[in-house]
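Asks: How does the following fold in three dimensions:
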Amino acid sequence: MKIMLSLTKFGIFVMVACLLFPASSVYGHGLGIDTISSIDIQGKEISISVEMPMYLENNQEQITITAIEKETRENAKNVTFLIGLFHENELIFRNYFFAEDGILSIKVTPTQEGEITIHGEQDSLLGAWHGTESNPIEITGPLFNSGGLYNFEIEVRTIDEPTNIIEDSGIYNADLSIIETISYIQKDAENHDVKFSVQSYFDKISNFEYDPEVNQVTFEMPFDWKEKQMSHVPVVHLEVHFPRDFTEFLTPSYSGYANGVELFKASVIIDDYTGEDERRIHFVLLQDHLRFLKNEMKKLDKPLPDNIVFTLSTSENIELPLVAYTKSEDFKLNLSWDPVIIEPGINTNFVFTIRDGQTSEPLRNSDYTFVIIQNGKEIHRTSGTAQIGGDFEKFTFAEDQTGPMIIKFENIRNTGQETEFRIVVVPEFGITTLFILVTSIIGMIFVTRRNSFRFNI
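Replies: Here you go, the predicted structure:
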């Protein structure tokens, strides 16, 4: 599967650990396309791409399979595919399909019941299905009715000429996901119902559990640790959602584990922007992270499992400065505060730097408006100019100014652009601790699910 990893301009969402997501969409196999990059067919090297929607939202969708000759970069001619489709290790169908111009388009009409039926025309040689403008290939029946990973098992049986039958081209696999969100009702420490949900861009989730005694979430997902499978998994991405007012599990940061191995800080990301009333915690495991996990598990001298058990636990660690980008990525803001422990009646210095979004150089003479918002209402607003690119603003919180708030920087350098940091003043611990949960204008990545993202670590 192809994906771009960029160390230059990235985008929108920045976490304390400096994982930055820019505007391009990677959801593991939820990318919507998987490419078998190199197949040798009678001395000719071709690639095969399989593409389908990440969400099946319409009554009819389309699968597109394309064969390209790598030397000429042109579509292969007269290709017959033998395609088997599997879901949860169950065969859905296996049939021959013919693509004269190397592009196979299959319309899919899912139904809840019935049998898998293929409509179109068949040739007389292998019985391969092929479509015409007036009679396209269509598959109807109970397929793609649930989320998770779908495996396309592909063989090439003819190429160049319709009668050039190839006996053994090898079997190749492409994997794509249908994104699924599943909700779970769990009990908090006071035995009240709390709605959690997990959105998976890879495979199906099971055995979700929240333990209020240790403030910990666990759940499982199938995973094949064989190198052949891992080699075309660029990233595994899942999200845990829960109400933003569920203070029992609200914390400055979280620790993540996979099969008992602690994850890198960059793999566990807090998102308070995408959902209006919920917090989302993203698990993002790049291919190198997956290989690291595999090596760590091998050290235990036990057979590799056939799944990943995820664990999410609360953590009190905070690293400063925090970073946020404007939606356009033109500006980058760093924010720290002093003292770290914030108490009502004590003056707090919010120290910030306005930087170029691409070079990170401080921008001199940068105008800004600094705003603090509590419960949707402004409690402080002031404007200024950061002459050397950095500056600070003072504010003293009153006794009734606790709970969730937003620190917003508006009209940066008189451009109308803005970004924000979500803050919470928490008085329950005997002292009022202010922690910042970076949100920035990151939501566009997760709202516009069909963009792709690059990574900068």
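Asks: Run through the neighbouring helices and strands of the helix or strand containing V198.
Replies: Secondary structure assignment for V198, by DSSP states H and E: strand 193-200. Helices and strands touching strand 193-200, by 3 or more CB pairs under 8 Å, 6 or more residues apart in numbering; DSSP states H and E, are strand 180-187, strand 206-211, strand 216-222, strand 235-243. C-beta coordinates here come from the backbone N, C-alpha and C atoms, glycine included.
Asks: Tell me which residues touch L82, please.
Replies: Contacts for L82 (CB atoms under 8 Å, 6 or more residues apart in numbering) come out as R94, N95, Y96, I154, E155, V156, R157.
Asks: so it, which of the three states?
Replies: Using DSSP: H, G, I helix; E, B strand; the rest coil, the structure places L82 in strand.
Asks: And it, what's its pLDDT?
Replies: For L82, the pLDDT comes out at 97.
Asks: Which strand residues bridge it?
Replies: Y96, E155 (DSSP bridges).
Asks: any idea how far it lies from I137?
Replies: To I137, L82 is 15 Å away according to CB to CB, to the nearest Å.
Asks: what's the distance between E74 and A128?
Replies: From E74 over to A128 (counting by CB to CB), the distance is 22 Å.
Asks: Would you mind telling me which of the two has more residues around it?
Replies: Legend: neighbour count by other CB atoms under 10 Å for E74 and A128, higher for A128 (23 against 11).
Asks: Centroid-wise, who is the farthest residue in this protein?
Replies: Distance from the centre of the chain peaks at S124, with 44.8 Å (CA atoms, centre = their mean).
Asks: can you map out the strands along the stretch 51-200 of the chain?
Replies: With DSSP state E, counting those that start in this stretch, the ranges of strands along the stretch 51-200 of the chain come out as 61-69, 74-75, 79-87, 90-99, 103-110, 117-119, 121-122, 129-130, 137-141, 148-158, 172-178, 180-187, 193-200.
Asks: May I see those organised as CSV, with distance to K44 added?
Replies: Output for the strands of the stretch 51-200 of the chain, formatted as CSV (distance: least, CB to CB, whole Å):
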stretch, distance to K44
strand 61-69, 6
strand 74-75, 12
strand 79-87, 11
strand 90-99, 16
strand 103-110, 17
strand 117-119, 28
strand 121-122, 26
strand 129-130, 21
strand 137-141, 25
strand 148-158, 10
strand 172-178, 15
strand 180-187, 38
strand 193-200, 38
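Asks: Of all the ones you listed, which one is nearest P252?
Replies: Closest approach to P252 among these (CB to CB): strand 193-200, 19.7 Å.
Asks: Figure out how far the closest one is from the centre of its chain.
Replies: Computed by CA atoms, centre = their mean, to the nearest Å, the chain-centroid distance of strand 193-200 equals 16 Å.
Asks: filter the contacts of L82 to the buried ones?
Replies: For these, a neighbour count by 16 or more other CB atoms under 10 Å gives the buried set as N95, Y96, I154, E155, V156, R157.
Asks: my guess is the fourth one meets S169, correct?
Replies: Yes - look at E155 against S169 with CB atoms under 8 Å: they come within range, at 5.7 Å.
Asks: Show me the domain layout of this structure.
Replies: According to automatic domain parsing, the chain comprises the domains 31-178, 180-318, 327-439.
Asks: hang on, the earlier thing: D356: which of the buried ones among the contacts of L82 is nearest?
Replies: Set against D356, the nearest of those by CB to CB is I154 (46.3 Å).
Asks: one step back: as JSON lines, the helices and strands packed on strand 193-200 with mean pLDDT would be great.
Replies: As requested, those are arranged in JSON lines below (pLDDT from 0 to 100):
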{"stretch": "strand 180-187", "mean pLDDT": "95"}
{"stretch": "strand 206-211", "mean pLDDT": "97"}
{"stretch": "strand 216-222", "mean pLDDT": "97"}
{"stretch": "strand 235-243", "mean pLDDT": "94"}
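Asks: most packed of those?
Replies: Most buried of the helices and strands packed on strand 193-200 by mean neighbour count (mean count of other CB atoms under 10 Å) is strand 235-243; its value is a mean of 22.
Asks: Now do that one and strand 193-200, the angle between them.
Replies: Counting by axes from the mean of the first three to the mean of the last three CA atoms, to 10 degrees, strand 235-243 lies at 160 degrees to strand 193-200.
Asks: Which SSE is immediately downstream of strand 235-243?
Replies: Counting by DSSP H and E, the next helix or strand C-terminal to strand 235-243 is strand 253-258.
Asks: Report all helices and strands that that next one contacts.
Replies: On a contact count with 3+ CB pairs under 8 Å, 6+ apart, strand 253-258 meets strand 268-271, strand 278-286, strand 307-315.
Asks: Can you report how many residues neighbour the closest residue to Q216 other than its chain neighbours?
Replies: Closest residue to Q216 apart from its sequence neighbours, by CB to CB, 6 or more residues apart in numbering: S313 at 4.6 Å. Close neighbours of S313, defined as other CB under 10 Å, add up to 17.
Asks: what's across from S313 in the sheet?
Replies: S313 has these beta-bridge partners by DSSP bridges: Q216, S255.
Asks: can you start the count at 26 instead of 1 from here on
Replies: That works, and once the first residue is 26, the last one we named lands at S338.
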